[in-house]
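Colleague: coords please:
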Amino acid sequence: MKKYFTPLNIILVLEAISAFLTALGLIPREAILVWTGVAIFYMIFSPVEDSLWLAVASIPLFAALPISENFDSMATWRILVAVLFSVWFFKRNIFTQIKQFNFGKILTKEYFKQNAISYLTVLFLFIGALSVIAAGYKLLAIKKLLFLINIFLLFLVVRDLGKTRESIVRIWQAAATGGAIVLAVALAQFTAVLLVPLFSFWQFWAEKVIVAFYGQNLAHLLSRSNTWFAYYASNPPALRLFSVFPDSHSFAMFCMMLVPILLGLVLYFEKQKKQRILFWSLAVLALGGIVLSGSRGTWLSIVPVILCAIYLYGKRIEPLLVKKVLSGFAVFIVLFVVSAGYPPLLYKFQSWQTGENASTTFSFFERARSISDAEEISNKGRMEIWLASLKSISQRPIIGVGLGNYVKVLGQDASAAKQGASAHNLYLDFASEIGIIGVLILVAIFVNILYTSWAVFRRSDANYAKLYGLVFGLYFLWISAYSFFDVVLLNDKVLLFLMVTLAALYSLKTLMKVNNS
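Modeller: Residues are numbered from 1 along each chain as shown. Sure, this is the predicted structure:
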């Protein structure tokens, strides 16, 4: 037991306790400020590897800092990622490495091939910075630019520290710890709506939990409108799981990013039964989370990914590994079919709570069928927004309306940005804000990620790395396809987690080159 009572574990447990007690309204929100101060102290005086582990495992727990009555939505990750980066920069003597670096190398073809993702990301951020000039609301543009830069710092730290198999696996374990927290909260939500009326759950979550994690402004918005429930004309609403996130779509995408890490750990610990079963179980729960998020975009966008996996299996390309991936997709399909029993179960329990009888013939399949209904309110609204985006792009194709200024496309004022105004399509969103060149660079970044996934899958000498490359590539293809229907990749917790999973992929690529040299 002694090995578990380490300063690192104690700090993480204290964070979980303070976050959840605050979310339950049992202690004041100032407890988050106290924990943040303790975490900063710990990061400064601890090994940078431990500080990174804490930051990665804490991603789902990052709450909003109650700095003042009018400013209570600043997330703890903004401070802690900056502190982590500073600690890494000075403890790893990065400044000295920069001074000794031969800058002539950056112009060579070989160096570009090895670091294409960094070149493309810097270029993307540069174009985003240029678009600030065109932005009508410059404060919104600067805030979004700083947001993207702040998050990218985590990628740099993970990429540098993940230089051995052991360090990469330790980062995966930190991510899996955070993932387990997300899934545990989702299970708690699933159980809660069987015990209390949906309206009581809605108000409690908006007034307590959302306030703790995201601040009063978002809580007020979500108390009136959210994506937590699936609504139908002839049936009562059904809860769509969303865990610690503000919406069900972000939860679904987080689960999509979590599965590759869990399957990589399954294969890494294939000779250790308890750990193998643990990570497989978490992977099944993550796939179930995607189903019960009720996100039609994820359901639709998985189809080409499954076809791609079947094609690889038919070509006999690493068939044993591809078969493992197909088994994961089979689990998803089975869970999707089984989910037909969820609404009747929910309605039965809700009728006990409210005394009102509800129909038990409805299933999630009805929600899936609504994907093709052009007159459905959500579908119709999306198409109208997409048309407005295309019109804006045709009018300002080079530099767009400015980063973070999508509200201009819809003819709204700056306050609408806080309500999540977007194109409901990641590519149209960025094309509208920073122009066609910017979105082409974003697509190039995605293509490079897929190419790197394929390289790790085909050329790594360890099966756990090969499987991670394969699963990550397929699931990132899933994410890329889903991004045609939403912009939740820009949710802060989702994007932070993506930085971790991406950095692990590129670290495996570097490790692969070292082992093959």
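Colleague: any idea where the strands of this structure begin and end?
Modeller: 64-65, 74-75, 229-230, 238-239 (DSSP state E).
Colleague: Please enumerate the helices of the stretch 401-517 of the chain.
Modeller: Using DSSP state H, counting those that start in this stretch, the helices of the stretch 401-517 of the chain run over 426-434, 436-459, 463-482, 492-516.
Colleague: In the chain, which helix is the longest?
Modeller: helix 165-192 (DSSP state H).
Colleague: got the buried residues for it?
Modeller: Across helix 165-192, burial judged by 16 or more other C-beta atoms under 10 Å covers 165, 167-186, 189-190. In short, each C-beta sits where N, CA and C put it, glycine included.
Colleague: What is the burial count for L120?
Modeller: 20 (other C-beta atoms under 10 Å).
Colleague: distance between stretch 417-430 and the chain's centre?
Modeller: On the basis of C-alpha atoms, centre = their mean, to the nearest Å, stretch 417-430 sits 16 Å off its chain's mean C-alpha point.
Colleague: could the helices of the stretch 401-517 of the chain go into a markdown table alongside mean neighbour count and mean pLDDT?
Modeller: Below are the helices of the stretch 401-517 of the chain laid out as a markdown table (neighbours: other C-beta atoms under 10 Å; pLDDT from 0 to 100):
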| stretch | mean neighbour count | mean pLDDT |
| --- | --- | --- |
| helix 426-434 | 26 | 96 |
| helix 436-459 | 18 | 96 |
| helix 463-482 | 23 | 96 |
| helix 492-516 | 20 | 88 |
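Colleague: could you dump those helices to TSV with distance to I79?
Modeller: Compiled in TSV, the helices of the stretch 401-517 of the chain are given as follows (distance: least, C-beta to C-beta, whole Å):
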stretch	distance to I79
helix 426-434	26
helix 436-459	27
helix 463-482	28
helix 492-516	13
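Colleague: Select, out of those helices, the one closest to I27.
Modeller: Proximity to I27, assessed across these by C-beta to C-beta, is greatest for helix 492-516 (22.3 Å).
Colleague: what packs against the closest one?
Modeller: If contacts are counted by 3 or more C-beta pairs under 8 Å, 6 or more residues apart in numbering; DSSP states H and E, helix 492-516 sits against helix 76-91, helix 138-161, helix 165-192, helix 248-268, helix 436-459, helix 463-482.
Colleague: Of all the ones you listed, which one comes closest to T6?
Modeller: Once the helices and strands packed on helix 492-516 are compared by C-beta to C-beta, helix 165-192 is nearest, at 13.4 Å.
Colleague: Can I get stretch 292-302 in CSV? Just the C-alpha atoms.
Modeller: Provided in CSV are the C-alpha atoms of stretch 292-302 (Å, rounded to 0.1, in the frame of the first residue of the first chain):
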residue,chain,number,x,y,z
LEU,A,292,-25.2,6.6,-25.2
SER,A,293,-24.0,10.1,-26.0
GLY,A,294,-26.8,10.0,-28.6
SER,A,295,-24.5,11.8,-31.1
ARG,A,296,-25.8,11.0,-34.5
GLY,A,297,-22.7,12.5,-36.1
THR,A,298,-20.5,9.8,-34.5
TRP,A,299,-22.9,7.0,-35.5
LEU,A,300,-22.9,8.2,-39.1
SER,A,301,-19.2,8.9,-39.4
ILE,A,302,-18.1,5.4,-38.2
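Colleague: now that stretch: mean pLDDT?
Modeller: Across stretch 292-302, the average pLDDT comes to 90.
Colleague: which other residues reach it?
Modeller: The contact list for stretch 292-302 (C-beta atoms under 8 Å, 6 or more residues apart in numbering) reads 186, 190, 230, 238, 240-242, 248-249, 251-253, 255-256, 290-291, 329, 332, 336, 339, 342, 364, 367-368, 370-371, 478, 481-482, 484-486.
Colleague: So what's the residue count around L107?
Modeller: Around L107 there are 8 residues (other C-beta under 10 Å).
Colleague: ignore the last one, I306
Modeller: Neighbours of I306 (other C-beta under 10 Å): 17.
Colleague: Am I right that it is in contact with F329?
Modeller: Yes: assessed by C-beta atoms under 8 Å, I306 is found in contact with F329 at 5.1 Å.
Colleague: residues in contact with T96?
Modeller: T96 neighbours (C-beta under 8 Å, 6+ apart): none.
Colleague: State the pLDDT value of it.
Modeller: Note for T96: predicted pLDDT of 82.
Colleague: Also Y347?
Modeller: Per-residue pLDDT puts Y347 at 77.
Colleague: Is it correct that it is in contact with P236?
Modeller: Yes: the criterion here is C-beta under 8 Å, and Y347 meets it with P236 at 6.1 Å.
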